[in-house]
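Student: starting from these lines, generate the structure:
(2 chains)
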2 protein chains.
Amino acid sequence: MDERVREHAEVLVDWSARVEAGDDVVVSVAEDAHDLGVAVAEALGERGANVTTLYGSAELSRAYLKGAEAGADGDVPSFDDDPAVERALFEAADAYLRIGGGRNTTATADVESETRQAYAKARRGVREARMDTDWVSTVHPTRSLAQQAGMAYEEYQEFVYDAVLRDWEALADEMAAMKDALDRGDEVRIVTERDDAPDTDITMSIAGRTAVNSAASVAYDSHNLPSGEVFTAPYDTEGEAFFDVPMTIDATRVRDVHLVFEDGEVVDFSAGAGEDALASVLDTDAGARRLGELGIGMNRGIDRFTDSILFDEKMGDTIHLAVGRAYDACLPEGESGNDSAVHVDMISDVSADSRLEIDGEVVQRNGTFRWEDGFEG
Amino acid sequence: MDERVREHAEVLVDWSARVEAGDDVVVSVAEDAHDLGVAVAEALGERGANVTTLYGSAELSRAYLKGAEAGADGDVPSFDDDPAVERALFEAADAYLRIGGGRNTTATADVESETRQAYAKARRGVREARMDTDWVSTVHPTRSLAQQAGMAYEEYQEFVYDAVLRDWEALADEMAAMKDALDRGDEVRIVTERDDAPDTDITMSIAGRTAVNSAASVAYDSHNLPSGEVFTAPYDTEGEAFFDVPMTIDATRVRDVHLVFEDGEVVDFSAGAGEDALASVLDTDAGARRLGELGIGMNRGIDRFTDSILFDEKMGDTIHLAVGRAYDACLPEGESGNDSAVHVDMISDVSADSRLEIDGEVVQRNGTFRWEDGFEG
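Tutor: From the prediction side, this is the model:
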């Protein structure tokens, strides 16, 4: 076995999920994630944890949902609310390790969206039980993910391990400085002025909000491996923002999104491609027109966009804003933030001609933070 | 998808497990059993059942157990008794469908037997919860199983579907005649007289015992697909028996077993190969020297031995005896039969020079039953 697979498993089990002897761990293994599943099982055995392994196959999910459609004879299929087995499974689990890496990233493309929604809606309790565990989501590099990224397989493997096998302790320390700046600040302004794209000049309030130092560990309220971003929940947004990184919304390619905010709400928008998909997101509900997240990517192990939000939003030299739902971890105890059924991240490259200010002070210019060599204040 | 895979799934879900709308079904999919897993998921979706899918990977099990060995530093690893997740999972399940078909039938060969035993012992409650469901065990034909059978892949696929895709209703009716004869009888005698092998002449009591019509359905107390045998729990065995079908005991090839019974117990034994493995079975405990099962194979869709007990013991024109544990289903309510930690089946070809008598009356001669054409009484 590739030694990097073993190292990935150790980071996942020890740094990310903090598994200890006696923990009941549920591992979900996607179709082509077998090798990482094997390495994780070995690590869990060595730590004295108990393991139950699920088969996280998108093709099986598709077959089940298509079967339900066939059984519903033209109606939207109905699903039992929170089936007992899965609820019991996650309620009994201490940790849940989801290892993605299927054979086809579009394996469920022909399932009707009403079917997906009905299925998701019926499993709200299962999802909550799962989120109550120490859950971590990661991927094993597969050929299908390499293809989605437009990369050769070996090249993609290197990309994934560069992102995952980091000195997380050191990155957490560095990100603590960013979290600190956001926690103490009241207002964020982001400016980009580039010849080849519309300008961004947007301000938002973050007063009273708490940033999350997302250091790829449940000990940091962080549930992705890789991670490497600091995020908070802004409000009262004003101005215009342009997002130059392409993304996929509901299987539609969306690029060059431009949003105009007034009084905290999107009042105008456009996209170079996929504008209908963007419109459909913004029309979901009232919260879908307000920001739910400001995130600052700080993982310099990620050096390119791969059309996967797990990696793209953590890339160094990027900032992302999400319309829709805010994360509870950013809100004062008992206070509720922006609520919405959606949460859609949009990413800007800030490596050049850009600055991020907190309360008028530049914290990041052209991708470089003020605590880094080469920073120009 | 091969239409036979879909038919296999339908037999498993409808005939074997009798799944109905609203049932909570746990499906375990082995490494190379993906296609049958997909077909089963589709059928379950169509029936309106709920499904949770486990990854039944022998390589993951091996990795976990080797990890536990490494963590135990030379001692036998200790395992938590009945981990909460798996116990909760099976306690909440209505049915459990185990789809075998890995990549290597000897994937766990280097796990210490003490480790296996400790693991199995710690999971007795999990196993009982699993056996309390409507469980069914089947296999998807894989290259590794074809190899174990000494067959080409396509040839092995045909072999499996010939065994599985039967008219089970008709076979159940035929097997009912055999069950009836055993239920009404008090004593069974089996005789084979062949030039090329030691004679068999063995008698056993079956008075008061109930035979199981194992028709590959939970509705018949039958949990294997394929099945196709009638079995009961004999006692007071006398005489000698020779078993000409090779088998594998704990990874050792055993052939030409000869057993001598007196007062219900094995008093002498030999084997043409693997005699030590046989001795180790017989020495397990007191019950390991007494019979736990007499089984009569009646699945004529199985036409050759493939070194897999799931198929071999159901083959038409065979009879098997097992030393060790008897099945509760064969015993009068409240009565306990032969008890042992082992249950090892040994098979004889009875297609020629043989007869099976019940209370002195020939019921099967040279493989042909008395209710079949060509029977010579």
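Student: in terms of secondary structure, what does the longest helix along chain A contact?
Tutor: Counting residues, the longest helix found in chain A (DSSP state H) is helix A:168-184. Of the remaining helices and strands, those touching helix A:168-184 by 3 or more C-beta pairs under 8 Å, 6 or more residues apart in numbering or on different chains; DSSP states H and E are strand A:212-214, strand A:229-232, strand A:354-358. Where C-beta positions appear, they are placed from N, C-alpha and C, glycine not excepted.
Student: pull the distance from that helix to the chain's centre.
Tutor: In terms of C-alpha atoms, centre = their mean, to the nearest Å, the centre of helix A:168-184 is set 18 Å apart from its chain centre.
Student: worst-scoring helix or strand of chain A, pLDDT-wise?
Tutor: strand A:247-249 (a mean of 87; mean pLDDT, DSSP states H and E).
Student: listing partners with orientation, what would you give for the next helix or strand after it?
Tutor: Downstream of strand A:247-249, the first helix or strand assigned by DSSP states H and E is strand A:252-254. Paired neighbours of strand A:252-254 in the sheet (DSSP bridges): strand A:247-249 (antiparallel).
Student: per-domain residue ranges of chain A.
Tutor: With domains defined by automatic domain parsing, chain A comprises A:3-164, A:168-369.
Student: would you turn these into CSV with mean neighbour count?
Tutor: Shown next, in CSV, are the domains of chain A (neighbours: other C-beta atoms under 10 Å in any protein chain shown):
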stretch, mean neighbour count
domain A:3-164, 20
domain A:168-369, 19
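Student: beta partners of the closest residue to residue A:289 other than its chain neighbours?
Tutor: Closest residue to residue A:289 apart from its sequence neighbours, by C-beta to C-beta, 6 or more residues apart in numbering or on different chains: residue A:266 at 4.3 Å. Residue A:266 has these beta-bridge partners by DSSP bridges: residue A:261.
Student: show me what contacts residue A:266?
Tutor: A:259, A:260, A:282, A:289, A:290, A:323 (C-beta atoms under 8 Å, 6 or more residues apart in numbering or on different chains).
Student: of these, which belong to helices?
Tutor: Cross-referencing the contacts of residue A:266 against helices under DSSP H gives residue A:282.
Student: save the contacts of residue A:266 as CSV, and put in pLDDT too.
Tutor: Putting the contacts of residue A:266 into CSV (pLDDT from 0 to 100) gives the following:
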residue, pLDDT
A:259, 98
A:260, 98
A:282, 95
A:289, 97
A:290, 97
A:323, 97
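Student: just put the contacts of residue A:266 in CSV and tack on distance to residue B:72.
Tutor: Converted to CSV, those look like this (distance: C-beta to C-beta, whole Å):
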residue, distance to residue B:72
A:259, 57
A:260, 63
A:282, 57
A:289, 57
A:290, 55
A:323, 52
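Student: I figured residue A:46 hits residue B:72, correct?
Tutor: No: the criterion here is C-beta atoms under 8 Å, and residue A:46 misses it with residue B:72 at 9.2 Å.
Student: just how off-centre is stretch A:28-41 within its chain?
Tutor: Averaging C-alpha positions (C-alpha atoms, centre = their mean) puts stretch A:28-41 21 Å from its chain's average.
Student: from chain B, how far off is the residue of chain A most remote from its centre?
Tutor: For chain A, the residue at maximal distance from the C-alpha centroid (C-alpha atoms, centre = their mean) is residue A:73, at 36.1 Å. As defined by C-beta to the nearest C-beta, to the nearest Å, residue A:73 lies at a distance of 10 Å from chain B.
Student: doesn't that residue fall inside a helix?
Tutor: No: under DSSP: H, G, I helix; E, B strand; the rest coil, residue A:73 falls outside any helix and is assigned coil.
Student: look at it and report its pLDDT.
Tutor: At residue A:73, the pLDDT value in this model is 91.
Student: need the residues that contact the longest strand belonging to chain A.
Tutor: Taking DSSP state E as the criterion, chain A has its longest strand at strand A:235-243. Residues outside strand A:235-243 that contact it (C-beta under 8 Å, 6+ apart): A:190, A:192, A:197-206, A:209, A:256-265, A:290-291, A:321, A:337-338, A:346-348.
Student: please, which helix or strand holds the residue of the stretch 51-200 of chain A found nearest chain B?
Tutor: Across the stretch 51-200 of chain A, the shortest distance to chain B (C-beta to the nearest C-beta) belongs to residue A:67, at 2.6 Å. Assigned by DSSP H and E, residue A:67 falls within helix A:58-71.
Student: what's that helix packed up against?
Tutor: Applying 3+ C-beta pairs under 8 Å, 6+ apart, we find helix A:58-71 packed against helix A:113-122, helix B:34-47.
Student: go again using 6 Å as the cut-off
Tutor: Using 3 or more C-beta pairs under 6 Å, 6 or more residues apart in numbering or on different chains; DSSP states H and E, the elements in contact with helix A:58-71 are helix B:34-47.
Student: let me know the average pLDDT across the helix it packs on.
Tutor: Averaging pLDDT along helix B:34-47 yields 98.
Student: so it, near chain A or not?
Tutor: Yes: using C-beta under 6 Å from any C-beta of the partner chain, we find that helix B:34-47 touches chain A at B:37, B:38, B:41, B:42, B:45, B:46.
Student: tell me which other helices or strands whichever helix or strand comes after that helix touches.
Tutor: Downstream of helix B:34-47, the first helix or strand assigned by DSSP H and E is strand B:50-56. In terms of contacts (3+ C-beta pairs under 6 Å, 6+ apart), strand B:50-56 is packed against strand A:50-56, strand B:24-30.
Student: the inter-axis angle of strand B:50-56 versus strand A:24-30?
Tutor: Angle, strand B:50-56 to strand A:24-30, by axes from the mean of the first three to the mean of the last three C-alpha atoms, to 10 degrees: 90 degrees.
Student: nearest residue to the residue in the stretch 151-300 of chain A positioned nearest to chain B in space, please, no chain neighbours.
Tutor: Closest to chain B within the stretch 151-300 of chain A is residue A:218: 17.6 Å, counting by C-beta to the nearest C-beta. Spatial nearest neighbour of residue A:218, excluding adjacent residues (C-beta to C-beta, 6+ apart): residue A:134 at 4.3 Å.
Student: tell me the phi and psi of the one you found?
Tutor: phi -80, psi 80 (degrees, to the nearest 10).
Student: surely it touches residue A:17?
Tutor: Yes: contact status for residue A:134 versus residue A:17: in contact at 5.4 Å, counting by C-beta atoms under 6 Å.
Student: what residues are shared contacts of those two?
Tutor: The overlap between the contact sets of residue A:134 and residue A:17 (C-beta atoms under 6 Å, 6 or more residues apart in numbering or on different chains) consists of residue A:95.
Student: nearest to residue A:273, of the helices and strands packed on helix A:168-184?
Tutor: Comparing the helices and strands packed on helix A:168-184 against residue A:273 with C-beta to C-beta, the closest turns out to be strand A:354-358 (23.0 Å).
Student: now do that closest one: everything it contacts.
Tutor: By C-beta under 6 Å, 6+ apart, the residues outside strand A:354-358 that reach it are A:181, A:185, A:188, A:189, A:190, A:191, A:192, A:362, A:363, A:364, A:365.
Student: now flag whichever of the residues you listed is closest to residue B:105.
Tutor: residue A:364 (57.3 Å).
Student: so which bits of chain A are right by chain B?
Tutor: By the rule C-beta under 6 Å from any C-beta, the part of chain A lying against chain B is A:24, A:29, A:37-38, A:41-42, A:45-46, A:48, A:50-53, A:55, A:59-60, A:63-64, A:67-68, A:70-71, A:80, A:83-86, A:88-89, A:92-93.
Student: you'd agree residue A:346 is in a strand?
Tutor: Yes: Residue A:346 forms part of a strand when assessed by three-state DSSP.
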